[in-house]
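*Asks:* Take this sequence and fold it.
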Amino acid sequence: MKIKIASQEYNPLLKRKEVTFKVEHEETRGTPPRFEVRKGLAALLNAKLELVYVKRVKTKTGAMIATGEANVYDSIEQAKLIEPEYIVARNTPSEKPKEEE
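*Replies:* All right, here's what the predicted structure looks like:
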């Protein structure tokens, strides 16, 4: 999975960097999980993982390139204030349900 930044712009009013990106995912064949994209973006932008929120990742049918949008906040307090709960929930790693005996 290779991530390329298409554009990034700083929004001083919301204290965040708004990023659009492309993900080449020939190896995985399917659209990569949002959490994996989030980790890759955090490493690429030299930001802490908890400050990066992926809003959207979309792959066109038959293509092995996904496009997306993400926000990188200055502080965790600012992220909690602005990001909707459903975006925060989508950006947390999925836990597999434990099997009951």
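*Asks:* what residue is smack in the middle of this protein?
*Replies:* Val54 (2.7 Å; C-alpha atoms, centre = their mean).
*Asks:* Quick check: the gap between that residue and Asn46.
*Replies:* Applying C-beta to C-beta, to the nearest Å, the value for Val54 to Asn46 is 17 Å. In this view, the C-beta of every residue, glycine as well, is placed from N, C-alpha and C.
*Asks:* got it, and Asn91?
*Replies:* 18 Å.
*Asks:* Looking at the two, which one has more neighbours?
*Replies:* Asn91 (20 against 7; other C-beta atoms under 10 Å).
*Asks:* Apart from its chain neighbours, what residue comes closest to the more buried one?
*Replies:* Tyr53 (5.2 Å; C-beta to C-beta, 6 or more residues apart in numbering).
*Asks:* where does the one you found land on pLDDT?
*Replies:* At Tyr53, the predicted lDDT confidence score is 94.
*Asks:* Helix or strand for it, just tell me which one.
*Replies:* strand 52-59 (DSSP states H and E).
*Asks:* So what are the sheet partners of the helix or strand following that strand and their directions?
*Replies:* The C-terminal neighbour of strand 52-59 among helices and strands, as given by DSSP H and E, is strand 65-73. If you go by DSSP bridges, strand 65-73 pairs up with strand 16-24 (antiparallel), strand 52-59 (antiparallel).
*Asks:* Take the ones you listed and write them to JSON lines, including distance to Gly68.
*Replies:* Supplementary listing: these in JSON lines, determined by distance: least, C-beta to C-beta, whole Å:
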{"stretch": "strand 16-24", "distance to Gly68": "6"}
{"stretch": "strand 52-59", "distance to Gly68": "4"}
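*Asks:* Just the buried positions in the longest helix along the chain, please.
*Replies:* In terms of residue count, the longest helix belonging to the chain (DSSP state H) is helix 34-44. Buried residues in helix 34-44, defined by neighbour count with 16 or more other C-beta atoms under 10 Å: 34, 36-38, 40-42.
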